[in-house]
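1. Take a look and give me a structure for this.
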Amino acid sequence: MNNDIFVQFNRIKDDYKILQDTDMKSAYDIMKRSSILLYTIEAEVANLYKELHEQEQIAQATKAHVSSLHSTKVTVGDRYADAEESVMAEVTKVGKIKEAIRLTEAAMKFLQRTYFDTKNIASTSRKEFRYDAEDIQGYNQNRKDWKSSRDNLMVR
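-> Residues are numbered from 1 along each chain as shown. From the prediction side, this is the model:
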């Protein structure tokens, strides 16, 4: 992840740590920021997979070239190529890209969970404060509780 995305991700993570279940405004803000950043991170993962594919091709080509320089026999040449610094450097680059993919996907999963959780908090808080019980159909004023839908269908 580039530095700007990383800073935004850490802000969301820090805000999410202190979020209260009743704070609809903060939950909605975190939900929006998570949604926006999620797209950016998904694009970053796609670019990393492209970079990984290209780097794997470079590593494979480097190994094949070094192998052919050492021997006409593939197995013998591969043994020399595996120990060659240029091949090891290319393979290390592949490993670093794979690590970046795993970390970026972990951030993506965290943002997905954060989005879902904050969406639930925002919608639950919104329902609690928006409606009075008398305004909702099915509320029985005399019993002070909810009638089930089955009660509405029963013939008396």
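
2. For the protein, which segments count as strands?
-> Counting by DSSP state E, one finds strands in the chain at the ranges 139-140, 145-146.

3. any idea of the mean pLDDT for the first one?
-> Right, the one you point to is strand 139-140. What strand 139-140 shows for mean pLDDT is 48.

4. likewise the last one?
-> Mean pLDDT, strand 145-146: 48.

5. pLDDT below threshold where in the chain?
-> Within the chain, the stretches with pLDDT under 70 are 1, 125-156.

6. Recalculate using a threshold of 50.
-> For the chain, the stretches with pLDDT under 50 are 129-137, 139, 144, 146-156.

7. Next, name the residue at the spatial heart of this protein.
-> Among the residues of the chain, the one closest to the centroid is residue 108, at 1.3 Å (C-alpha atoms, centre = their mean).

8. Would you agree residue 84 is in contact with residue 68?
-> No: checked against C-beta atoms under 8 Å, the pair residue 84 and residue 68 is beyond contact range at 12.0 Å. Every C-beta, even on glycine, is put in place using the N, C-alpha and C of the backbone.

9. Which one of these two is surrounded by more residues?
-> Between residue 84 and residue 68, counted using other C-beta atoms under 10 Å, residue 84 has the larger neighbour count: 17 against 12.

10. quick one, what contacts that one?
-> Counting by C-beta atoms under 8 Å, 6 or more residues apart in numbering, residue 84 touches residue 66.

11. Could you report the separation of it from residue 77?
-> 10 Å (C-beta to C-beta, to the nearest Å).

12. joint contacts of these two?
-> Common contacts of residue 84 and residue 77, defined by C-beta under 8 Å, 6+ apart, comprise residue 66.

13. I'd like to know how many residues surround residue 66.
-> Based on other C-beta under 10 Å, the number of other residues close to residue 66 is 20.

14. Show the contacting residues for it.
-> Contacts of residue 66 by C-beta under 8 Å, 6+ apart are 77, 80, 81, 84, 86, 87.

15. which among those end up buried?
-> Among these, those scoring as buried are 77, 81, 84, 87 (criterion: 16 or more other C-beta atoms under 10 Å).

16. and these, which of them are in helices?
-> Using DSSP state H, the members of the buried ones among the contacts of residue 66 that fall within helices are 77, 81, 87.

17. The last one touches residue 79, doesn't it?
-> No: contact criterion C-beta under 8 Å: residue 87 and residue 79 do not qualify, at 11.3 Å.
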